[in-house]
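Asker: need a structure here:
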Amino acid sequence: MLMVGQLREVSNKANNAELKLFLEVEIGQDLRPVPPPEKTKEDILLFFKLYDPSKEELRYVGRLFVKGSGKPLEILTKLNEMAGFAPDQEIELYEASHLHFEIKFEPNVMCKHIDKRLTFRSSQVLKSTT
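Answerer: Residues are numbered from 1 along each chain as shown. Now for the predicted structure:
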């Protein structure tokens, strides 16, 4: 895990003078911030975006802590809720890897289809976090 100071150093090395950090705060029914859940070594924090091909638009829909031994099938209802879909809507999942090329300074995104029946660990969603 990188500390904020280390992020600044990485940003400076990439010739990017600006470092943007975003903070997501969950608000409870009492309108007070809800503390994040306790995290174990088995937990993975995943961020989810929805691609709308008709608009050619990608938007953030939320984040979830999942267990490495868990399967995407187990969270489909929650993902549909986050996206505003019916609970049983058929959806496809992809893992996006952002690649930055130092020569062109243009980010590229590579997407890998995720088998919903495999665990997060066996589908190698964990590979970038370990």
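Asker: tell me which residue is most central in the chain.
Answerer: By CA atoms, centre = their mean, the chain has its centre lying nearest to F47, at 2.0 Å.
Asker: am I right that that one is in contact with R59?
Answerer: No - F47 is not in contact with R59 according to CB atoms under 8 Å; the separation is 11.8 Å. Heads up, the C-betas are built off the backbone N, CA and C, glycines and all.
Asker: in this structure, where is pLDDT below threshold?
Answerer: Applying pLDDT under 70 to the chain flags residues 1-5, 7-8, 10-19, 97-110, 124-130.
Asker: strands of that one, residue ranges please.
Answerer: Per DSSP state E, the chain carries strands over the ranges 26-27, 33-34, 43-52, 57-67, 94-100, 107-113.
Asker: export those strands to CSV and tack on distance to R121?
Answerer: Listed next are the strands of the chain as CSV, based on distance: least, CB to CB, whole Å:
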stretch, distance to R121
strand 26-27, 26
strand 33-34, 27
strand 43-52, 9
strand 57-67, 9
strand 94-100, 13
strand 107-113, 15
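Asker: to L79, which of the ones you listed lies closest?
Answerer: strand 43-52 (6.4 Å; CB to CB).
Asker: in terms of secondary structure, what does that closest one contact?
Answerer: With contacts taken as 3 or more CB pairs under 8 Å, 6 or more residues apart in numbering; DSSP states H and E, strand 43-52 sits against strand 57-67, helix 76-83.
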